[in-house]
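Student: Sequence below, structure please.
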Amino acid sequence: MQFGSVQSQPALVLGFVLLCVLCAGGVRAEILLLPKPGDSVVGSVYQVKTTYGETAPMLARIHGVGYHELLWANPDVHSWMPGEGAQILIPRQYVLPGKIREGMVLNIAEFRLYYYEQSEDGRAQVRSYPVSIGRIDWLTPLGKTQVVDRLENPNWYPPASVRLEHEARGDKLSKIVGPGPDNPLGKYALMLETPGYFIHGTNREEGIGMRVTHGCIRLRSRDIAELIFRISIGTPVEIVSIPIKVGLLDGVVYMEAHEKPLEEFPVRVGEPMLTEVDLAAPLAAMEAQLPPGDYVIYWEQVMEVARLKRGVPVVVGWNREIGEPPTGRPELQWRVEPPESSET
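Tutor: Residues are numbered from 1 along each chain as shown. Modelled structure (predicted):
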């Protein structure tokens, strides 16, 4: 069963997820059938209730999402220990980033990698994985590259700058780190054409979904083990930064907003209203990412999604060409009521 085939059936999705958790110790990559041409929203969200002792990194690993992804979608949840009985939203629905639908696309703004492929029966599908990216002082480079080699049990050759960093902490690092528990590349790695950069596994699973690497792209061990045998030499890779994604599904407009890559820990004072500059970013995203059409846009919702930046697709409008607006969606209940009359 694939997630793409049960998007409108949350109970079946949740049952499938729980079965995966029980059988495999965690949810593996999502395998999502691509929607029809022009549409770009895939997957489904669902909720779980925490049990005693579950931590946020543990929940992220079990449900196949990244650490920051989980916290952004649940801003009222404790960043480490949610507590027993907490309702947690699992953000496994996405607006596909950009327009490329081949090879691998990494959107560093959402800490997520997309790999486009054909299913066994020839249908277009995408696999999605949470990743870690470069720290603020070791940025993951944007742009187009490709896979030039596939490595099993790779040696790590840390550059001089990394060795100096370790030495400053009193942790002397060898020029060559062989395979094993001390090798941050994990068991598998994909070498990129960009010199010195890899898509690889990890020896620190708890860091997935964070900005913790020296510029490389890090996946969970189970994810890179699945991905590496599907990737061929020459597979194109595009690394982008799209914090606001806009897409369609059956004529309905969705918006998904993330913190900018350098603002994982923004300092917010109260709940300020969006300024004119704040609205420019989602407006530009709509103009760049929506195909031509006659749209009705719920601007109050656009502003709210852009302000909260929870990383979950939300309905913000519809295309008149579908005939009528979507119904039964609570996020569309945005309207200005007339002021209540008062007797004087």
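Student: How many residues are close by residue 199?
Tutor: Residue 199 is flanked by 24 other residues according to other Cβ atoms under 10 Å. For glycine as for every other residue, the C-beta is placed from the backbone atoms N, C-alpha and C.
Student: Quick check: beta-bridge partners of it?
Tutor: When assigned by DSSP bridges, residue 199 has beta-bridge partners residue 190, residue 217.
Student: So which residues make contact with whichever strand or helix holds residue 224?
Tutor: Here residue 224 sits within helix 221-227, counting by DSSP states H and E. For helix 221-227, contacts defined as Cβ atoms under 8 Å, 6 or more residues apart in numbering pick out 26, 28-29, 115, 127, 129-130, 186-190, 199-202, 205, 219.
Student: Restricted to strands, list these.
Tutor: Judged by DSSP state E, the contacts of helix 221-227 include 115, 127, 129, 130, 188, 189, 190, 199, 200 as members of strands.
Student: What separation do you get for the first one and residue 174?
Tutor: What it means is residue 115. 33 Å (Cβ to Cβ, to the nearest Å).
Student: if you count what's nearby, which of the two comes out ahead?
Tutor: Taking neighbours as other Cβ under 10 Å, residue 115 and residue 174 compare with residue 115 leading, 21 against 12.
Student: Disregarding flanking residues, what is the spatial nearest neighbour of that one?
Tutor: Spatial nearest neighbour of residue 115, chain neighbours left out: residue 127 (4.6 Å); criterion: Cβ to Cβ, 6 or more residues apart in numbering.
Student: now do residue 197
Tutor: Closest to residue 197 by Cβ to Cβ, 6+ apart is residue 216, at 5.6 Å.
Student: Touching, that neighbour and residue 200? I think so.
Tutor: Yes: taking Cβ atoms under 8 Å as the definition, residue 216 is a contact partner of residue 200 at 6.1 Å.
Student: out of the two, which sits in the more crowded spot?
Tutor: When neighbours are counted by other Cβ under 10 Å, residue 216 and residue 200 differ, and residue 200 comes out ahead with 25 against 21.
Student: Need the per-residue pLDDT for the more buried one.
Tutor: Residue 200 is assigned 91 on the pLDDT scale.
Student: Just list the residues touching it, thanks.
Tutor: 154, 184, 185, 186, 188, 189, 190, 216, 217, 218, 219, 224.
Student: which one of those residues is nearest residue 122?
Tutor: residue 190 (24.9 Å; Cβ to Cβ).
Student: Pull the contacting residues for the closest one.
Tutor: Contact analysis of residue 190 by Cβ under 8 Å, 6+ apart lists 147, 149, 150, 151, 198, 199, 200, 224, 227, 228, 231.
Student: and what of residue 312?
Tutor: By Cβ under 8 Å, 6+ apart, the neighbours of residue 312 are 45, 73, 89, 91, 93, 256.
Student: element containing the closest residue to residue 301 other than its chain neighbours, please.
Tutor: Among residues not flanking residue 301 along the chain, residue 316 sits closest, at 4.8 Å (Cβ to Cβ, 6+ apart). Following DSSP H and E, one finds residue 316 within strand 314-319.
Student: Direction included, what does that strand pair up with?
Tutor: strand 252-257 (antiparallel), strand 295-297 (antiparallel).
Student: low pLDDT regions in the stretch 1-150 of the chain?
Tutor: 1-28, 135-138 (pLDDT under 70).
Student: hang on, the earlier thing: what's the overlap in contacts for residue 216 and residue 200?
Tutor: Listed as contacting both residue 216 and residue 200 by Cβ under 8 Å, 6+ apart is no residue at all.
Student: for the closest residue to residue 186 other than its chain neighbours, what are its contacts?
Tutor: Sequence neighbours aside, residue 201 is the residue nearest to residue 186 in space, at 2.3 Å (criterion: Cβ to Cβ, 6+ apart). The contact partners of residue 201, by Cβ under 8 Å, 6+ apart, come to 185, 186, 187, 188, 189, 218, 219, 220, 221, 223, 224, 225.
Student: Residue 201 and residue 219: what is the separation?
Tutor: 6 Å.
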